[in-house]
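> model the following, please.
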Amino acid sequence: MDHISRPPKQTEDVVSQSPAFNRQEVYLRPNPARVIVRPFRPATEPRDLSPVDKTRANHIVDRVLALGTEEATLELTEVLGNFQSRHRNLLTLLERRAEEMEDAFASHTLFTRAQRLLVGAYFLNEYSFEASALFNPSIVLDPDQSGALEGGHRVILSLRAVGEGHISSLTFRSGFIAADGSVSMAPASRLASLPRVESRESVEGGEAVEVGFDPAEELSERVIFPLTLSQSNGIEDARFVTFEDEGRRTNYATYTAYNGLAIRSELIETTDFVSFRMMPLRGSAARNKGMALFPRKIAGRYAMIARQDNENLYLIYSDDLYAWDGGTAIVKPRFPWEFVQIGNCGSPIELDEGWLLLTHGVGPIRKYSIGAVLLAKEDPSKVLARSSQPLIRPEPSEREGYVPNVVYTCGAMRHGSRIILPYAVSDTFCHVSTIEIADLLSSLTP
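Predicted coordinates:
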C-alpha cells in the first residue's frame, strides 16, 4: 500500500498557513505493516532494555533443545514460512540472536543448527515501529547526489516513528527537489531493519554507540531503535543539519533521549547515512530537549540554540561539540500564540540577510504553531525580526491526531530562493510546503 497519499477531499486544508506558502502534494503517513524484529527479553521488569531473566531464558532453551531433530526442523520451517518474506536476511537475524543467548546453551553440548536457529526465533519479536505516528521531520541534502534532477537535489528526510508503548525510533525517506522547488518522495520500502551494533563505549554522561547498516538496503529500510538505557523509551525529534568545517561535511542531529522517566539531549553523526555514531551531550544545557546546532562555527566556536528553561530560546557557544553550558536568552515569548513557551524548529538556516530560525510557539489549549526569527549573521544574539503571527497554525478542519492541535518541524532547508519546509500535523503524519525567502522575510516584524 502506498502511504504517500492525499487526504480525503473534505479535509484537504490541513493547516492555516501564510498565502505565500506553496503546499506540495506530499503526505507521509504511518504504515503499521512495516515491522522490524527486535530482541524479546523474558524479564522480571517490563522494560525493553531490562536484563533477561536467565531462569526463564534457560527454561525456554531447554524446551527447544528437548525437541527431536525432526520436530525442531519442522518448527523452524514453519517460522521461516511465516516470517521470511517479511524481513531481509531472517536466517542471519536468527543466528545473531542465538549468539546473544550463548549463556543459555551452556548446559547443552549437543544440538542441531535448526534447534539453535529456533532458539533465536523464540527470543525475537516483531514490532510495528510506526503503527501510531510518523512525524517531526527534518531535511538535509543527500550526500549522494547521483540521479538528482537538473537544477535540483536529492534530499533525505529524517522522521520520528512511534509504535506500541509510545516508543520512538528514527527512520528515513529519500526525496527529490526539482529546479522549480517541487518536492517528490520515494515510496517507503516494504522491508525495515535494525543496524548492527559495531561498538559500545562508556563515556562521561553515558554510553557512546556506533552502528552500521548494510549499504545494499534502501534508505527507508533503516531504523534506529533505542540502544541504550537513556534512550530506552525513545529517540525523539532528531534535528539534522549538514555541518561544514574546513571543507568537511558531517550530518549531525541533536535528539531527545527518553528513558520513561527523564530526558536529555544527545547527538548522532553520520557522513553517509549508513554508519552512525550516537553520543550523550554534557552540561547544564543538555538536560532539556530542543537543542539545534548551527551549520558552521561562528568566530571559531560551535554554536547551539537551546531551551534549557522550558520557556525561552538561548544562544550557547562551546569549544567542545559534546559539552554545553550557560548561554544567553535571546528570544522570549512575546505574542499570544507563544505565551506558554517558544522553542526552535530545527537548526538555523544561513541567508544573506542573517540566520533564519524557525520556531514553535505554544498558545491557549496547548496549541502549537510555527513562526520564524531572523538573527544577525555575525552576532546571532541580536534579533533582527520575528513573527508576530504564526506562519503555520493548526486548522480546525483537521487537527485531530495522536496529539491534537500541533504543527511542528525539526528542520527545513534552503533551495535557491526558497525554503523547503517539511512539517508534521497533530503528531501523526507529515506534509511539505515551500515558501519564497523574500516573502517569508517580508512577513517578519522588525
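
> quick one: low-confidence ranges for the chain?
Residues of the chain meeting the criterion pLDDT under 70: 1-19, 43-54, 104, 106-109, 397-398.

> next one: residue 299 from residue 377, what distance?
When distance is defined by Cβ to Cβ, to the nearest Å, residue 299 is 11 Å away from residue 377. The C-beta positions use only the backbone N, C-alpha and C, and glycine is treated the same way.

> the more surrounded of these two?
When neighbours are counted by other Cβ atoms under 10 Å, residue 377 comes out ahead of the other of residue 299 and residue 377, with 15 against 8.

> not counting sequence-adjacent ones, nearest residue to that one?
With sequence-adjacent residues excluded and distances taken as Cβ to Cβ, 6 or more residues apart in numbering, residue 377 is closest to residue 354, at 5.0 Å.

> need the contact list for the one you found.
Contacts here follow Cβ atoms under 8 Å, 6 or more residues apart in numbering; on that basis residue 354 touches 374, 375, 376, 377, 384.

> my guess is the third one contacts residue 356, does it?
The one in question is residue 376. No: Residue 376 lies out of contact with residue 356 (Cβ atoms under 8 Å); the separation is 11.7 Å.

> the two: who's more crowded?
Neighbours were counted for residue 376 and for residue 356 using other Cβ under 10 Å; residue 356 has more, 21 against 13.

> measure the nearest residue to that one once chain neighbours are set aside to residue 218 for me?
Leaving out its chain neighbours, the residue that sits closest to residue 356 by Cβ to Cβ, 6+ apart is residue 349, at 4.5 Å. Residue 349 sits 28 Å away from residue 218, taking Cβ to Cβ as the criterion.

> before we move on, the earlier item: and for the residue nearest to residue 356, the neighbour number?
Neighbours of residue 349 (other Cβ under 10 Å): 20.

> the stretch 301-446 of the chain: strands as residue ranges?
According to DSSP state E, counting those that start in this stretch, the stretch 301-446 of the chain carries its strands in the segments 302-306, 313-318, 328-331, 341-344, 349-350, 355-362, 368-375, 383-386, 392-394, 407-408, 413-415, 418-425, 429-436.

> adding distance to residue 266, write these out as JSON lines.
JSON lines is the format used below for the strands of the stretch 301-446 of the chain (distance: least, Cβ to Cβ, whole Å):
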{"stretch": "strand 302-306", "distance to residue 266": "13"}
{"stretch": "strand 313-318", "distance to residue 266": "15"}
{"stretch": "strand 328-331", "distance to residue 266": "23"}
{"stretch": "strand 341-344", "distance to residue 266": "16"}
{"stretch": "strand 349-350", "distance to residue 266": "23"}
{"stretch": "strand 355-362", "distance to residue 266": "20"}
{"stretch": "strand 368-375", "distance to residue 266": "23"}
{"stretch": "strand 383-386", "distance to residue 266": "28"}
{"stretch": "strand 392-394", "distance to residue 266": "28"}
{"stretch": "strand 407-408", "distance to residue 266": "20"}
{"stretch": "strand 413-415", "distance to residue 266": "22"}
{"stretch": "strand 418-425", "distance to residue 266": "21"}
{"stretch": "strand 429-436", "distance to residue 266": "23"}
